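**Q** Here is my input; please provide its structure:
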Amino acid sequence: QVQLVESGGGLVQAGGSLRLSCAASGRTFSMAGMGWFRQAPGKEREFVTSITWNAGRTYYVDSVKGRFTISKDNAKDTVYLQMNSLKPEDTAVYYCTASSVITAIPRGRRGEWAYWGQGTQVTVSS
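**A** Residues are numbered from 1 along each chain as shown. You can find the predicted model right below:
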């Protein structure tokens, strides 16, 4: 099992920045990659970004390309999400996730991600 704990959410004005962190513990050696999904009120949880744990390949949904950056610190078993130029439509609960299946990392299919954090709220005011 892998346990994930997110931190760093909050309230920010449009155009501002936030950085989310997600610390993994447990059987982290089994992780092929980590990522972030988000869920806005009344909407389904959607893929935002992911990163492969060894090679560091990154993947993004089109709506955040150029604004969000995912990175990792293998020594700390931690992944980060730097969010710049935030928009009101970025408001959501952000969930950290991990998968032991390497083919799952670029696809962003929710059902292929086995481990989830509790979520952290990000609110962007206009």
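**Q** Now do the same contact list for Lys87.
**A** By CB atoms under 8 Å, 6 or more residues apart in numbering, the residues touching Lys87 are Ala14, Val124. Yep, even glycine has a C-beta here, placed from its N, CA and C like the rest.
**Q** Now Ser21: which helix or strand?
**A** In this structure, Ser21 is located in strand 18-26 according to DSSP states H and E.
**Q** ignore the last one, Leu11
**A** Under the criterion of DSSP H and E, Leu11 resides in strand 10-13.
**Q** and the gap between the residue nearest to Ala32 when sequence neighbours are not counted and Arg67?
**A** Once flanking residues are discounted, Ala32 sits nearest to Ile102: 4.1 Å by CB to CB, 6 or more residues apart in numbering. Distance check for Ile102 against Arg67: by CB to CB, to the nearest Å, it reads 26 Å.
**Q** repeat for Val12
**A** 13 Å.
**Q** Now for those two: what residues contact both?
**A** Leu86.
**Q** which residues of this protein fall in strands?
**A** Assigned by DSSP state E, the strands in the chain fall at 2-7, 10-13, 18-26, 33-39, 46-52, 58-60, 68-73, 78-83, 92-99, 115-116, 120-125.
**Q** What residues of the last one count as buried?
**A** By neighbour count with 16 or more other CB atoms under 10 Å, strand 120-125 contains the buried residues Thr120, Val122, Val124.
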